[in-house]
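> Next one to model:
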Amino acid sequence: MRTSLQFAQPLPVWSRSCRRIRLKIKSPALLSLVNNLVVLMLRLIFKTTRLDFVDDSLERCPFADTGSERFLYSVWHDSVIPPLFGARGHQSVALISQHRDADTIKAMLKAARMGVIRGSTSRGGASAIKKLLTEAEGNHIVITPDGPRGPHHKMKAGIVFLASHSGRPVVPTAFTASRYWELKGSWTNILIPKPFSTVYYMIGHPIYIPENLSREELKYYTELVQEKMDDLERKSKLVQTEKVSLADESTPLKKAA
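Numbering: from 1, shown residues only. The predicted structure is shown next:
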């Protein structure tokens, strides 16, 4: 089973960096080398990490066998690295914008051996959704709902709109790590787990969205998904703090001289 990764627009946090890289690196071969080095670095990091699926999250995660049902996974922009590189042995398909700023992202995803679909659920209406579902047939779709330019952790209606038209339930998620770096961005940061850290995966229960939503219903379900995402985010911080604290307590004291 492949896991489809869908970005409604190019990742804005990466777009500025990508634009600077493109301006500085003129050679396509050199740019390809840089992309491959970044992907290699992230892969090496995740080979050293431990994945902790909190509670029964593994049963609902996009890396598990969920039978015939296919989901829309809601992932905040700052947490895209863990589901991208933690899915060991699973291919991913990314839907990214047609904008030229997404070209470098496309190259990086291809370097990571992930399929790429160019497009957007926010443009093209029913035809764009039909195209997305056709190309992602049989696969899960992961959407970053707080893009393309934020605000940070603020849900947009796109994932609910897609759920209503596709019949796929929305699954809220949260990801964090015991130790990590933060790649600074214009409106949010990207979490990158440090080597040998523990990465915590929290996958919520599916939220089923009715068909033919009115404007008021679309707003209601968008707020509902926001609430569930916020709940998981708070829980992930508590889990991280608690488990890091327990790890510190279990560290043996140095023998007194």
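
> What is the neighbour count of Ser186?
Around Ser186 sit 11 other residues, with neighbours defined as other CB atoms under 10 Å. C-beta here means a position set from N, CA and C on the backbone, and glycine is covered the same way.

> State the distance from it to Arg50.
Distance of Ser186 to Arg50, given as CB to CB, to the nearest Å: 32 Å.

> Neighbours of the nearest residue to Arg168 once chain neighbours are set aside, how many?
Setting aside the residues directly before and after it, Arg168 is nearest to Leu72 in space (CB to CB, 6 or more residues apart in numbering), at 4.9 Å. Using other CB under 10 Å, Leu72 is surrounded by 25 other residues.

> Quick check on Leu72: phi, psi?
phi -110, psi 110 (degrees, to the nearest 10).

> wait, it sits on Ala163?
Yes: the criterion here is CB atoms under 8 Å, and Leu72 meets it with Ala163 at 5.4 Å.

> Name the residues contacting each of those two.
Pro169, Val170 (CB atoms under 8 Å, 6 or more residues apart in numbering).

> what ranges do the strands span in the stretch 151-257 of the chain?
170-177, 180-183, 190-193, 198-203 (DSSP state E, counting those that start in this stretch).

> gap between Pro169 and Ile190?
Where Ile190 is concerned, Pro169 sits at a distance of 27 Å (CB to CB).

> likewise Pro82?
11 Å.

> Next: Ile129.
For Ile129, the distance to Ile190 - CB to CB - is 28 Å.

> Could you verify that Val142 is part of a strand?
Yes: assigned with DSSP: H, G, I helix; E, B strand; the rest coil, Val142 falls within a strand.

> May I have the secondary structure class of the residue nearest to it when sequence neighbours are not counted?
In space, and not counting its chain neighbours, Val142 is closest to Tyr73: 4.2 Å by CB to CB, 6+ apart. Classification of Tyr73 using three-state DSSP returns strand.

> For beta bridges, what are the partners of Tyr73?
On the basis of DSSP bridges, Tyr73 is bridged to Val142, Val171.
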